[in-house]
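Peer 1: Sequence and predicted structure are below.
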Amino acid sequence: MSDTLILTHSQIEKLMPYSEFPTAIETVFREWGNGNVVMPPKIHLDMARSGYDSWNNAMPGYVVPQGAAGIKWIGGYADNPKNGLPYIRGVVTLTEPKNGDTLAFMDGVYISDWRTGASAAVAIKYLARKGFKKVTIVGAGTQGRTAAACIHVFFPEAEITVADISEKNLASFKQVVKEKYGIDAKTSTDANEASKDADAIVLLTTATKPFLKKEALKPGVLLLGMGSYQQAFDDAILSCDKVLVDSAGQAAHRGEIKELVESGKIDEKSLTPELGEIVAGKAKGRTSDDEKILIVLVGLGAHDVFCASQAYKRAKAAGIGTAIDLNK
Ligand SMILES: NC(=O)c1ccc[n+]([C@@H]2O[C@H](COP(=O)([O-])OP(=O)(O)OC[C@H]3O[C@@H](n4cnc5c(N)ncnc54)[C@H](O)[C@@H]3O)[C@@H](O)[C@H]2O)c1
């Protein structure tokens with residue numbers, strides 16, 4: 001039986017620099033598209049009966065070729081930002097597929113934040129129109145920052161604008177992305193105005209009601225719906241020529257298109273191909289420069305588990321982390 005390695009946020013940060021996430025996440029999308037990932041849909045635990053607006057998701061995944069198996073247990077806590085805590089909090093556990101050893105137990109926030117931003121970069125790589133320049137990120141929070149940094153890793157020439165209702169968050173976003181990632185971001189308090197001439201619009205806010213109008217979507221735009229609730233109005237979503245997803249089983253029932261699928265306005269069966277199939281070269285994504293595409297990225301547990309497994313392997317090799325014997 002193997003010891004369990006405990007890894008903290010700062011240890012994982014050293015083991016897995018953010019700039020490696022876009023390529024790692026692209027690898028997992030390819031494995032998913034090639035049928036090499038086992039990943040049942042995430043399970044949602046609503047904890048609003050605590051009196052707080054809070055929830056947790058159980059997100060298992062097994063990336064077979066790399067032997068990476070485990071689960072992320074992560075949630076959102078609406079009161080946290082005003083109490084100086086991050087909105088998203090969670091952990092990842094890794095399991096040895098052959099005998100059930102708990103290999104590692106680690107902070108899940110660092111990996112989750114960066115794999116989310118990296119998913120946006122991968123979707124833009126495969127679905128934005130050729131020669132795209134302008135990317136607007138709506139949501140100057142944690143995931144908005146990682147999206148900006150990961151998009152900059154793949155596309156250093158992209159012009160990034162960030163929009164948010166909070167001037168304070170915009171100012172801190174602008175400062176942090178300049179200092180840490182070398183990005184000169186423009187800022188705006190008007191998401192619709194800032195989206196009008198964007199080639200790609202990344203929706204990463206905590207808004208619980210739609211705010212993005214159809215008029216803000218120009219021909220050829222790639223819209224990335226990545227928040228936990230719907231952020232574009234119905235007619236904006238329905239004006240898209242294609243609605244693609246990271247995982248059909250999950251994207252139909254949460255986030256950007258949940259209500260439209262449940263009301264029958266979007267047919268769940270039409271949600272193909274998945275991004276993994278496009279990354280694997282098995283299906284076409286964009287077929288014309290004028291197509292308006294919505295990609296709904298609700299997040300794959302396999303992404304977290306794969307990155308956690310990378311961090312674990314590097315930690316073992318470098319002698320980092322605290323080993324404990326859970327079996328004694
Ligand atoms: N798709 C995924 O894989 C994935 C992963 C993690 C988190 N999320 C989701 O991403 C969203 C953002 O998470 P976060 O951790 O960045 O939160 P955060 O609290 O750090 O930032 C959210 C930002 O959204 C802004 N905002 C809220 N309403 C707005 C509106 N109407 N217009 C413009 N800006 C608005 C807030 O001011 C804030 O700056 C959440 O819905 C979260 O659940 C998705």
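Peer 2: Good, I have the coordinates. Numbering: from 1, shown residues only.

Peer 1: Which pLDDT value does the model give T272?
Peer 2: The model reports T272 with a pLDDT of 88.

Peer 1: quick one: contacts for the residue nearest to it when sequence neighbours are not counted?
Peer 2: Nearest residue to T272, sequence neighbours excluded (CB to CB, 6 or more residues apart in numbering): A248, at 6.6 Å. All C-beta atoms are positioned from the backbone trio N, CA, C, and that covers glycine. Residues near A248 by CB atoms under 8 Å, 6 or more residues apart in numbering: E268, L271, T272, E274.

Peer 1: What strand or helix carries D304?
Peer 2: Using DSSP states H and E, D304 maps to helix 301-318.

Peer 1: buried set for that helix?
Peer 2: Neighbour counts using 16 or more other CB atoms under 10 Å place 301-315 of helix 301-318 among the buried residues.

Peer 1: of all of the stretch 201-328 of the chain, which residue lies closest to the ligand?
Peer 2: At 2.6 Å from the ligand, G299 is the closest residue in the stretch 201-328 of the chain, using CB to the nearest ligand atom.

Peer 1: Go ahead and confirm that residue touches M59.
Peer 2: Yes - counting by CB atoms under 8 Å, G299 does reach M59; the two are 7.4 Å apart.

Peer 1: Just want to know which of those two has more residues nearby.
Peer 2: Neighbour count, other CB atoms under 10 Å: between G299 and M59, M59 has more, with 29 against 25.

Peer 1: Which secondary structure state is assigned to that one?
Peer 2: strand (DSSP: H, G, I helix; E, B strand; the rest coil).

Peer 1: Quick check: beta-bridge partners of it?
Peer 2: Applying DSSP bridges to M59 yields these beta-bridge partners: K72.

Peer 1: circling back to that earlier point, please enumerate the shared neighbours of G299 and M59.
Peer 2: Residues touching both G299 and M59 (CB under 8 Å, 6+ apart) are K42.

Peer 1: For the lowest-mean-pLDDT helix or strand in the chain, list every residue counted as buried.
Peer 2: Here the helix or strand of the chain ranked lowest by mean pLDDT, DSSP states H and E is helix 248-251, holding a mean of 88. Neighbour counts over helix 248-251 (16+ other CB under 10 Å) mark A248, Q250, A251 as buried.

Peer 1: Contact partners for the residue of the chain found nearest the ligand?
Peer 2: Nearest residue of the chain to the ligand: G141, at 1.7 Å (CB to the nearest ligand atom). For G141, the contact set (CB under 8 Å, 6+ apart) comprises P81, Y87, D164, N169, L204, T205, T206.

Peer 1: Now that we have those, which of them are buried?
Peer 2: Y87, D164, N169, L204, T205, T206.

Peer 1: What is the most widely separated pair among these?
Peer 2: Y87 and D164 (13.6 Å; CB to CB).

Peer 1: What parts of the stretch 51-200 of the chain come near the ligand?
Peer 2: 76, 81, 87-88, 112, 116, 138-144, 164-166, 169, 191 (CB under 6 Å from any ligand atom).

Peer 1: give me that answer again for 5 Å
Peer 2: 76, 81, 87-88, 116, 139-143, 164-166, 169 (CB under 5 Å from any ligand atom).

Peer 1: from the residues you listed, which ones fall inside strands?
Peer 2: Secondary structure assignment by DSSP state E places G76, I88 of those in strands.

Peer 1: want to try TSV for the residues of the stretch 51-200 of the chain next to the ligand, with pLDDT as columns?
Peer 2: Output for those, formatted as TSV (pLDDT from 0 to 100):
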residue	pLDDT
G76	93
P81	89
Y87	90
I88	90
T116	97
G139	98
A140	98
G141	94
T142	93
Q143	95
D164	98
I165	98
S166	97
N169	97
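
Peer 1: Mind telling me the two of the residues of the stretch 51-200 of the chain next to the ligand farthest from one another?
Peer 2: Greatest spatial distance in those: T116 and I165, 20.3 Å, computed using CB to CB.

Peer 1: For the two, indicate the residue with more neighbours.
Peer 2: Taking other CB under 10 Å, T116 and I165 do not tie; T116 has more neighbours (24 against 15).

Peer 1: measure the more buried one to G90 for me?
Peer 2: T116 sits 12 Å away from G90, going by CB to CB, to the nearest Å.

Peer 1: now L203
Peer 2: Taking CB to CB, one finds L203 at 21 Å from G90.

Peer 1: Surely Q66 forms part of a strand?
Peer 2: No - going by three-state DSSP, the assignment for Q66 is coil, not a strand.

Peer 1: ok, the residue nearest to E26 when sequence neighbours are not counted to L300 distance?
Peer 2: In space, and not counting its chain neighbours, E26 is closest to V122: 4.9 Å by CB to CB, 6+ apart. For V122, the distance to L300 (CB to CB) stands at 11 Å.
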